[in-house]
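# let me see the structure of the following:
(chains A and B)
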Amino acid sequence: MTDQKTQFYFEIKDLSVGFRTFEGIKPVLNIEGLGINRGETYGLVGESGAGKTVLALTILGLLPKPAGMILNGSILFDGVDLLKQSEKQMAEIYRGKRLAMIFQDPMSTLNPVFTVWQQIERVITRQEGLKGKACLKRSLELLDMVKLPDTMNLIDKYPHELSGGQRQRIIIAIALSCGAEFLIADEPTRNLDVTIQAGILKLIDELQRDFKMSVLFIGNNVSLVNIFCRNAGILYRGKLVEEGLSNCVVQNPLHPYTQTLISAIPRSKSEKLKFSKTIIKPEAENGCPYFSRCTIGKENCSTHVPMLREFRTESSAESLNDIQNPVQKAACFYAGGTI
Amino acid sequence: MTQNSNLLRAIQPAVRELKVTFYLLNRNLLQRISMVIILLLILIAIFAPVIAPYPGHAISDTNPKDKLLPPSRQYLFGTDELGRDLFSRILYGTRISLRTALLAVGLALLIGAPLGAIAGGLGGIADEIIMRLTDIFLSFPPLLLAIAISSFLGPSLENAILAIAISWWPWYTRIIRGQAVSIRERQFVRAARAIGTPLPKIIFSHILPNTLAPVIVQASMDIGGVILTIASLSFLGLGAQPPIPEWGLLISSSRTYFLNAWWYSTFPGIAIFITVMVFNLIGDGIREVLDPRTRKF
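This is a model prediction of the structure:
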């Protein structure tokens, strides 16, 4: 068990990130542990403001400068602590070469004053040293790879002349051009049509298999993560509240927050949507972050912070016998209870 | 596909945008007239020796027997106190005014734009230092600073250009810095960093080009202002020195003959007026056209 834990290709340990504000340092992210193996996809789900994007930026060392600060912890990537790398090392060795990121908003991720060609050319010239004919060939190849039609024509257009889906594909093409081993996809399908969404997800999936990439997939849609990722983590207020194989998490949610999330997915027209009655209780300052919205919380929840605990529920043990270690973790004293 | 066509590929879209800009400018009558006049001014500046009836009068030739003649067929705009043809001198003056204006604005941009991009792109101490520096420069009345600098450097046209550039750059720095601060926070800058672009490159090839639209507008309007300032400096004896046919200098030397030779000050004045107005109009037009929201097809 312990051996396996150290073998993670990418691992976050005891990471805590805060923002400096007028009232002092506010912690926004507090992750005890998160590991991703090589070639694996990890889905991170959480509501807006949970700290998903902050996590992505922390990994790349791009936290907003004066305000954001890393308080504690380490991010190990291939055995190297990314948090200990200098800005120069990050820019030269990691960003764009070994780590790549797809940003959530395709409409503003491309520079509006340059054509698609100029933007791709820069990256390819820098990363692969290709120039002229070879560079053009390579960029057309990349655009073909993300299944964009009419690439010769498209390549001379400005971003404002393209649709959101086209832009997102170009962004993916640029992100992939560097052949990164670890891809952070921060809600890559936000603001996109459902049809394009499916296409983009399929694309990332295929590319991931082809290039043996590890992917940290950030989303706010549990069912999507279930289809797409092997493991899933649920983030609430900067804390992982549940983690496990995505199948287990979706079929047998342990944490009350996850249960609420999953019951919020509309299944059929006839079924009445179950929105939990949110009784907002006062915040528990030293307690469980979910206390104020939790329906099963008891007295001790407001005074003690629950840690991630391992669970071996029957269903997960039965249905996933073939997979080693079907452990599900949840940070709740009363995990497994029904709402 | 050769290297050459790659270059073409980089230029072509920009040419397309330029075409759209010209097409849009051309649709507004006032701007069309301005463009024609600017083109005319440029042609005059280039072909002054060919057009001018008395090219020699533009520099040193004198003709005392014809001094202070009113406009006539022989001397279209009349003559000055040394009998020189004013028309020829004003044509040559176009050359001087356009060149000095472009040089001064260009120099101011060359100083101001990178500083603004650095201030806005880096933030922090660099921002603070550069912006306080612009504050110092902006705390002087603009003409006064130019006067001070050119009298310090010694009166000549080149020093006047330098003086204007030095008193003008803080405006560009401010405009660009304001833009850069907001563009720095945009997603594409973050994305550029995420693929490992070094910071200097981000500032100069991602942030700076995005700040240029308002600066182009400002610069094209400033050309008029700079022509006016150069004329003012020359009028005060701090810019061009005789016998250079600079417009402001022409007006300056016409002062003595103002009451009995109206043409002497009027025609250079009209030349300054038209040039300044035309550049202001075109600046306005460019502003409308560059902003997609005010673009009307």
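
# now A:P27, what's its secondary structure?
Assigned with DSSP: H, G, I helix; E, B strand; the rest coil, A:P27 falls in the strand class.

# give me the neighbour count for the closest residue to it other than its chain neighbours.
Nearest residue to A:P27, sequence neighbours excluded (CB to CB, 6 or more residues apart in numbering or on different chains): A:G18, at 4.6 Å. In short, each C-beta sits where N, CA and C put it, glycine included. By the criterion of other CB atoms under 10 Å in any protein chain shown, A:G18 has 20 neighbours.

# how about A:L110, nearest residue that isn't a chain neighbour?
For A:L110, the closest residue by CB to CB, 6+ apart turns out to be A:P159, at 4.0 Å.

# for the one you found, what are its contacts?
Going by CB atoms under 8 Å, 6 or more residues apart in numbering or on different chains, A:P159 touches A:L110, A:N111, A:P112, A:V116, A:R167.

# can you put those in JSON lines and add distance to A:L82 and secondary structure?
Supplementary listing: those in JSON lines, determined by distance: CB to CB, whole Å; DSSP: H, G, I helix; E, B strand; the rest coil:
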{"residue": "A:L110", "distance to A:L82": "26", "secondary structure": "coil"}
{"residue": "A:N111", "distance to A:L82": "26", "secondary structure": "coil"}
{"residue": "A:P112", "distance to A:L82": "31", "secondary structure": "coil"}
{"residue": "A:V116", "distance to A:L82": "30", "secondary structure": "helix"}
{"residue": "A:R167", "distance to A:L82": "28", "secondary structure": "helix"}
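
# what's the closest of these to chain B?
A:N111 (4.6 Å; CB to the nearest CB).

# the residue nearest to that closest one when sequence neighbours are not counted and A:K131, how far apart?
With sequence-adjacent residues excluded and distances taken as CB to CB, 6+ apart, A:N111 is closest to B:F188, at 4.6 Å. According to CB to CB, to the nearest Å, B:F188 and A:K131 sit 24 Å apart.

# more neighbours: the two, which one.
B:F188 (24 against 13).

# the more buried one contacts B:H206, correct?
Yes - B:F188 is within contact range of B:H206, at 6.9 Å (criterion: CB atoms under 8 Å).

# which residues do the two both contact?
Residues touching both B:F188 and B:H206 (CB under 8 Å, 6+ apart) are A:N111.

# quick one: the helices in the chain?
In the absence of a named chain, this looks at chain A. A:2-6, A:52-60, A:87-89, A:116-128, A:132-145, A:151-154, A:164-177, A:194-211, A:222-228, A:246-251, A:256-263, A:314-319 (DSSP state H).

# let me rephrase: I mean chain B.
B:3-27, B:29-51, B:86-122, B:124-138, B:142-153, B:157-184, B:187-194, B:199-201, B:208-235, B:247-254, B:262-290.

# hmm, back to that, quick one: closest of the helices of chain A to A:A330.
With CB to CB as the criterion, A:A330 lies closest to helix A:256-263 of the helices of chain A, at 7.6 Å.

# please identify the buried residues of the closest one?
By neighbour count on 16 or more other CB atoms under 10 Å in any protein chain shown, the buried set for helix A:256-263 is A:P256, A:Y257, A:T258, A:Q259, A:T260, A:L261, A:I262.

# packing partners for that helix?
helix A:222-228, strand A:231-236, strand A:239-245 (3 or more CB pairs under 8 Å, 6 or more residues apart in numbering or on different chains; DSSP states H and E).

# got the angle between it and strand A:239-245?
60 degrees (axes from the mean of the first three to the mean of the last three CA atoms, to 10 degrees).

# what's the spacing between the residue sitting nearest the centre point of chain B and chain A?
In chain B, the C-alpha nearest the mean C-alpha coordinate belongs to B:I223, at 2.5 Å (CA atoms, centre = their mean). Here the criterion is CB to the nearest CB, to the nearest Å. By it, B:I223 lies 23 Å from chain A.

# just to check, that residue is in contact with B:L103?
No - if you go by CB under 8 Å, B:I223 and B:L103 don't touch, sitting 10.8 Å apart.

# about what we covered before: list the residues that contact the residue nearest to A:N111.
A:S108, A:T109, A:L110, A:N111, A:P112, B:H206.

# so what's the fifth one up against?
In other words, A:P112. Going by CB under 8 Å, 6+ apart, the list of residues near A:P112 reads A:Y158, A:P159, A:H160, B:F188, B:N210.

# mind redoing it with 10 Å?
A:Y158, A:P159, A:H160, B:I183, B:R186, B:F188, B:P209, B:N210, B:P292 (CB atoms under 10 Å, 6 or more residues apart in numbering or on different chains).

# report how many residues lie close to the residue nearest to A:V215 when sequence neighbours are not counted.
Of all residues beyond its chain neighbours, the one nearest A:V215 is A:T41 (4.4 Å), with distances taken as CB to CB, 6+ apart. Number of residues near A:T41 (other CB under 10 Å) recorded here: 24.

# cool, A:P64 as well?
A:P64: 12 surrounding residues under other CB under 10 Å.

# correct me, but it touches A:V28?
No - counting by CB atoms under 10 Å, A:P64 does not reach A:V28; the two are 11.3 Å apart.

# so what's in contact with the two at the same time?
Joint contacts of A:P64 and A:V28 (CB under 10 Å, 6+ apart) are A:F19, A:V54.

# what is the nearest of the buried residues of helix A:256-263 to chain B?
A:L261 (27.0 Å).

# now do the contacts for residue 18.
This is for chain A. With CB under 10 Å, 6+ apart, A:G18 has these contacts: A:24-30, A:54, A:67-72, A:238.

# not quite, I wanted chain B
Taking CB under 10 Å, 6+ apart, we find B:L18 in contact with B:I11.

# distance-wise, check the most centrally placed residue in chain A relative to B:S139.
Nearest residue to the geometric centre of chain A (CA atoms, centre = their mean): A:I218, 2.5 Å. Note on A:I218: its distance to B:S139, by CB to CB, is 49 Å.

# for A:D81, same thing?
In this view, A:D81 and B:S139 are 49 Å apart by CB to CB.

# more neighbours: which of those two?
More neighbours surround A:D81 than the other of A:D81 and B:S139, with 13 against 9 (other CB under 10 Å).
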